[in-house]
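S.K.: here is the input, now give the coordinates:
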Amino acid sequence: MKTIILTAALVLASTAVFAADFENNSVDLVLERDNMTFGISSTAGQANDLSVTVTVLPYSVMGADADLTFGAKYGIQSEDITLTAAYGLSKNFGQLNVYGTAEAEYTIASGANEGAWDATPTVGVGYRVNDKLSAYSQVSYTWNASTDWTQEGGSVEAGARYALSDNIALTPSVAHSFDTGADETNLNLKLALQF
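M.R.: Modelled structure (predicted):
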């Protein structure tokens with residue numbers, strides 16, 4: 001337990017180190033339990049999102065793994081509320097994993113009477129180096145479905161997941177946004193704890 005707490009503290013404190021290189025680096029702390037995840041994320045040293053997701057209906061189709069995930073997110077700074085539904089599909093080819101996700105988001109801005117729909121497909125590929133280390137790269141793009149499918153921009157991300165122990169994993173990554181009007185590259189760090 002002491003190791004988990006110290007690791008979490010180091011991860012959250014590391015945002016200040018990243019700030020010298022990029023402006024909007026993020027650190028995520030995720031708690032995983034069976035088919036549920038609870039998360040808190042921070043950007044540029046400031047906590048900005050609380051989230052919960054539940055994965056339901058896992059099944060196999062044509063030799064691939066599929067699932068349906070529902071989630072909710074609360075913007076700590078913006079007070080926005082976002083509800084999500086995502087369908088994921090992945091298939092292993094030896095040590096290679098190919099995956100895709102189709103996600104729909106409904107966001108209600110603070111003080112607004114109605115929300116906005118976003119649609120985000122993601123495709124990616126991962127490679128399992130060994131039992132502890134795997135690398136991945138993925139690309140996603142978002143459209144605003146509430147305003148004639150206006151393009152909101154996309155992201156390209158590459159990273160690696162390293163299992164520090166049986167129930168602790170660290171995932172550093174680099175993400176570059178594009179077609180957003182403020183394209184930028186940032187570092188991300190995710191600490192996942194299973195309990």
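S.K.: let me see the ranges of the helices in this protein.
M.R.: Per DSSP state H, the chain carries helices over the ranges 2-13, 15-18.
S.K.: what about the residue nearest to Glu105 when sequence neighbours are not counted, how many neighbours?
M.R.: Of all residues not flanking Glu105 in the chain, Asp118 sits nearest, at 4.4 Å (Cβ to Cβ, 6 or more residues apart in numbering). C-beta: built from backbone N, CA, C; applies to glycine. Neighbours of Asp118 under the rule other Cβ atoms under 10 Å: 19.
S.K.: same deal with Asn188?
M.R.: Applying other Cβ under 10 Å, we find 20 residues neighbouring Asn188.
S.K.: that one bridge partners, please.
M.R.: Beta bridges link Asn188 to Ser26, Ser173 when assigned by DSSP bridges.
S.K.: from Val30, how far off is Asn167?
M.R.: Applying Cβ to Cβ, to the nearest Å, the value for Asn167 to Val30 is 12 Å.
S.K.: could you pull out the strands for this protein?
M.R.: For the chain, the strands defined by DSSP state E occupy 26-33, 36-43, 46-61, 64-75, 81-93, 96-108, 116-128, 133-144, 150-163, 168-178, 185-194.
S.K.: pull the number of nearby residues for Leu193.
M.R.: 19.
S.K.: which ones are touching the residue nearest to Asn167 when sequence neighbours are not counted?
M.R.: With sequence-adjacent residues excluded and distances taken as Cβ to Cβ, 6+ apart, Asn167 is closest to Gln194, at 4.1 Å. Shown in contact with Gln194 (Cβ atoms under 8 Å, 6 or more residues apart in numbering): 31-33, 166-168.
S.K.: and the pLDDT at the nearest residue to Val129 once chain neighbours are set aside?
M.R.: Counting by Cβ to Cβ, 6+ apart, the nearest residue to Val129 once its immediate chain neighbours are dropped is Ala135, at 6.5 Å. Looking at Ala135, its pLDDT stands at 98.
S.K.: ok, the one 10 residues further on next?
M.R.: Predicted confidence (pLDDT) for Ala145: 93.
S.K.: so who does the nearest residue to Gln138 once chain neighbours are set aside touch?
M.R.: Closest residue in space to Gln138, ignoring its immediate chain neighbours: Gly124 at 2.9 Å, by Cβ to Cβ, 6+ apart. Gly124 makes contact with 98-100, 136-139, according to Cβ under 8 Å, 6+ apart.
S.K.: again, but for Glu23
M.R.: 44, 184, 186.
S.K.: phi and psi next, for it.
M.R.: Torsion angles at Glu23 (phi, psi; degrees, to the nearest 10) stand at phi -90, psi -30.
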